[in-house]
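**Q** structure, please.
(one chain, ligands or ions: 2)
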Amino acid sequence: MAECGDRPNVIIMYADDIGFGDVGCYGGTGIPTPNVDRLADEGIRFQQGYATAATCTPSRYSLLTGSYPWRNERAAILAGDAPLIIPLNAQTLPSVFKEAGYRTAIVGKWHLGLGEGDLDWNDVIARTPLDLGFDRSFIMAATNDRVPCVYVDGRRVSKLDADDPIEVSYGESNPFPETPTGRDDPERLVMHPSHGHDMTIVNGVSRIGYMRGGSAALWRDDEMAEVFLDRAISFVREHRDERFFLYYALHQPHVPRIPGKRFVGATKLGPRGDVIAEMDWCIGEMLDTLDELGLAENTVVIFSSDNGPVLDDGYQDKAIELCGDHRPTGPLRGGKYSMYDGGTRVPFVLRWPGAVAPGESAAIVSHADFLASFASLLGVPLRADAAPDSFDLLAALLGKSPHGRDELVTEGTQGKTVLRQGDCTFIPAHQGPAVSHTTHIELGNAPVPQLYDLSLDIAQIRNLAAEEDARVAAMSARLQEIRNSKRTRPLHQG
Ligand code: NG6
Ligand code: CA
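**A** Residues are numbered from 1 along each chain as shown. Ligands and ions are numbered 1, 2, ... in the order given. Predicted coordinates:
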């Protein structure tokens, strides 16, 4: 086996809304995921791997900055025209790789903002992933249900015709009356919204936000998987003889779920199942490429998800009706947007054939920990102001130690946080609906505090708070202390 010092390539494959129970290697039954399962067979399957938040922007903010998201008040689900929320001088996950001499790229979903505000999509974009340590960037700005429905290649919208400029608005009403919307022109829709998503129609799908122009630049939803995959594979081929870091941010299975033609009907679960099958195929293509190039042995491949699963996230795509016995969260409670574990505990697989023995781990690990852990692997010192909540868990991530974090803070939505200590998880009392009336997900809001022992009660059914006053008080105080602090990473670590 190779030594850790051999400096591997690293690919993080980050799915959008895949649940803990969605893939076969975590017990999923409804959707074939042979490639994710293969990755798990050949690598380590973490049973307690967490995103830092139950939605995308905060979770990805942590992945790239090693900071809990609530430290930045702008780290909440962003509009498609929001400015970049990561400071330009931050030491980030890609910048650490860059400091170590790696070639770095992002392909796929971004959702951390672009520009400095009041963005002109027709001009050079001032602030992009290229300013945070990525050498290459081919992204969608926000989500596939938000305008503008275009790819951004480096600092420019891809394939934009200068004579057909793009305009974008996230105002209340439609400033472009000649452009059809889901609200006013539902007869034009091929996919209908169930809640929200009734603004500008692009490719027969009404989105969040208004846009006009840019016809030649518009993406086709059914081609998105291949477009991103091609870019991701090209980057790997191009840099096969160098060291590289690739953040491959897959768009599946986020709404609107529109698979490529070959995957229509691939599962019995309808579009949600089909796009997960498509995602798995994309992963297989990447793994095959690594094999073909002889790179598999010394490439760390990570598969995970930005947040937990949701069935009805705003379109009538029969995800609930066709789900059958498949349980997207597996045994966990809640889902996307939730303070329960279903919001943030996600599939988390790491493969490095050259250095890591296959197996399973119960260590508690967070996406926020990649930054300090890879910095440690690469010997890149972290600045004192960097990665405030990232722990060097290299030994746990490589399966050399069963010990991960003792303590972890996760976020549901709206900055509502949860503290995990050992096997116990504490959810403060919160106002708000217990169940979202749109997504039907249990959000974790309750008028009383909640305390669960996850080692005995993974489904978070038995609230121990009433019988564990002292523990509730201590965890409540500790959560407050962390929220008032500037950092949790000990400085001697990196
Ligand atoms: C919500 C959207 C949802 C999804 C989510 C972001 C509505 C009604 N719902 O506001 O469809 O886009 O934002 O998802 O608009 S995430 O995975 O990027 O966090
Ligand atoms: Ca997501």
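**Q** in the stretch 201-350 of the chain, what residue lies closest to ligand 1?
**A** At 3.9 Å from ligand 1, G314 is the closest residue in the stretch 201-350 of the chain, using CB to the nearest ligand atom. The C-beta positions use only the backbone N, C-alpha and C, and glycine is treated the same way.
**Q** any idea how far T181 is from the closest residue to that residue other than its chain neighbours?
**A** The spatial neighbour of G314 that comes closest, neighbours along the chain excluded (CB to CB, 6 or more residues apart in numbering), is H197 at 4.6 Å. Going from H197 to T181 by CB to CB, to the nearest Å gives 10 Å.
**Q** so those two - more neighbours on which side?
**A** A direct count of neighbours by other CB atoms under 10 Å for H197 and T181 places H197 higher, at 23 against 20.
**Q** picking that back up, doesn't T438 make contact with the residue of the stretch 201-350 of the chain closest to ligand 1?
**A** Yes: between G314 and T438 a contact is recorded at 7.4 Å, counting by CB atoms under 8 Å.
**Q** so which of these two has more stuff around it?
**A** Higher neighbour count among G314 and T438: G314, with 20 against 15, using other CB under 10 Å.
**Q** just the pLDDT at the more buried one, thanks.
**A** We have a pLDDT of 98 for G314.
**Q** now do the phi/psi pair for it.
**A** Main-chain torsions, G314, degrees, to the nearest 10: phi 130, psi 0.
**Q** just list the residues touching it, thanks.
**A** Residues in contact with G314 (CB atoms under 8 Å, 6 or more residues apart in numbering) are D145, P193, S194, H195, G196, H197, V255, T438.
**Q** dump the helix or strand encompassing L290 to CSV, restricted to CA.
**A** When elements are assigned from DSSP states H and E, L290 belongs to helix 271-292. This file holds the C-alpha atoms of helix 271-292, laid out as CSV (Å, rounded to 0.1, in the frame of the first residue of the first chain):
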residue,chain,number,x,y,z
PRO,A,271,-38.3,10.9,-12.6
ARG,A,272,-36.7,11.0,-9.1
GLY,A,273,-35.6,7.3,-9.4
ASP,A,274,-34.5,7.8,-13.0
VAL,A,275,-32.3,10.8,-12.3
ILE,A,276,-30.6,8.9,-9.5
ALA,A,277,-30.0,6.0,-11.9
GLU,A,278,-28.5,8.6,-14.2
MET,A,279,-26.3,10.0,-11.5
ASP,A,280,-25.0,6.6,-10.7
TRP,A,281,-24.2,6.1,-14.4
CYS,A,282,-22.2,9.4,-14.4
ILE,A,283,-20.2,8.1,-11.4
GLY,A,284,-19.6,4.9,-13.2
GLU,A,285,-18.3,6.8,-16.3
MET,A,286,-15.9,8.7,-14.0
LEU,A,287,-14.7,5.5,-12.3
ASP,A,288,-14.1,3.8,-15.7
THR,A,289,-12.1,6.8,-16.8
LEU,A,290,-9.9,6.6,-13.8
ASP,A,291,-9.4,2.9,-14.5
GLU,A,292,-8.6,3.5,-18.2
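**Q** and the pLDDT at the most centrally placed residue in the chain?
**A** The chain has D306 as the residue nearest its centroid, 2.2 Å off, counting by CA atoms, centre = their mean. D306 is assigned a pLDDT of 98 by the prediction.
**Q** how close does it get to K109?
**A** Going from D306 to K109 by CB to CB gives 8 Å.
**Q** where exactly do the helices run in the stretch 351-494 of the chain?
**A** Here the stretch 351-494 of the chain has its helices, by DSSP state H, counting those that start in this stretch, at 369-378, 394-397, 469-484.
**Q** roughly how far is the second one from the heart of the chain?
**A** Taking the mean C-alpha point of helix 394-397 and that of its whole chain, the gap between them comes to 21 Å (CA atoms, centre = their mean, to the nearest Å).
**Q** what does stretch 27-44 give?
**A** 18 Å.
**Q** now do the end-to-end distance for it.
**A** End-to-end distance of stretch 27-44 (CA to CA, to the nearest Å): 15 Å.
**Q** which outside residues touch that stretch?
**A** Contacts for stretch 27-44 (CB under 8 Å, 6+ apart): 21-25, 267-269, 273, 276-277, 280-281, 283-284, 287, 301, 303, 323-328, 330-331, 347, 349-353, 356, 358-361, 397-399.
**Q** can you get me a residue count around whichever residue of the chain sits closest to ligand 2?
**A** Residue nearest to ligand 2 within the chain: C56 (3.7 Å; CB to the ion). Neighbour count for C56, taken as other CB under 10 Å: 27.
**Q** how near is it to W219?
**A** Using CB to CB, C56 is found at 18 Å from W219.
**Q** residue boundaries of the helices in the stretch 151-300 of the chain?
**A** 224-238, 271-292.
**Q** orientation of the helix or strand harbouring F303 relative to helix 369-378 in degrees?
**A** Take DSSP H and E as the rule and F303 turns out to sit in strand 299-305. Interaxial angle, strand 299-305 versus helix 369-378 (axes from the mean of the first three to the mean of the last three CA atoms, to 10 degrees): 170 degrees.
**Q** which residues sit against the helix or strand that comes right after strand 299-305?
**A** On the C-terminal side of strand 299-305, the closest following helix or strand by DSSP H and E is helix 341-344. For helix 341-344, contacts defined as CB under 8 Å, 6+ apart pick out 19-20, 50-54, 59, 307-309, 329, 332-337, 410-412, 425, 441, 444, 454, 458, 460.
**Q** quick one: mean pLDDT over stretch 220-231.
**A** Averaging pLDDT residue by residue across stretch 220-231 gives 98.
**Q** one more: stretch 368-381?
**A** Mean predicted lDDT for stretch 368-381 stands at 98.
**Q** what about whatever residue of the chain ends up closest to ligand 1, distance to T143?
**A** Of all residues in the chain, the one sitting closest to ligand 1 is G196 (2.7 Å; CB to the nearest ligand atom). Noted for G196: a distance of 12 Å to T143, by CB to CB.
**Q** likewise for G359?
**A** Counting by CB to CB, the gap from G359 to T143 is 35 Å.
**Q** G334 too?
**A** 21 Å.
**Q** tell me which parts of the chain are close to ligand 2?
**A** D16, D17, C56, D306, N307 (CB under 5 Å from the ion).
**Q** how about the contacts made by the nearest residue to the fourth one once chain neighbours are set aside?
**A** Right, D306. With CB to CB, 6+ apart as the measure, S59 is the residue that lies nearest to D306, at 4.4 Å, once sequence neighbours are left out. S59 makes contacts with A51, T52, A53, P69, D306, N307, T344, H367, as judged by CB under 8 Å, 6+ apart.
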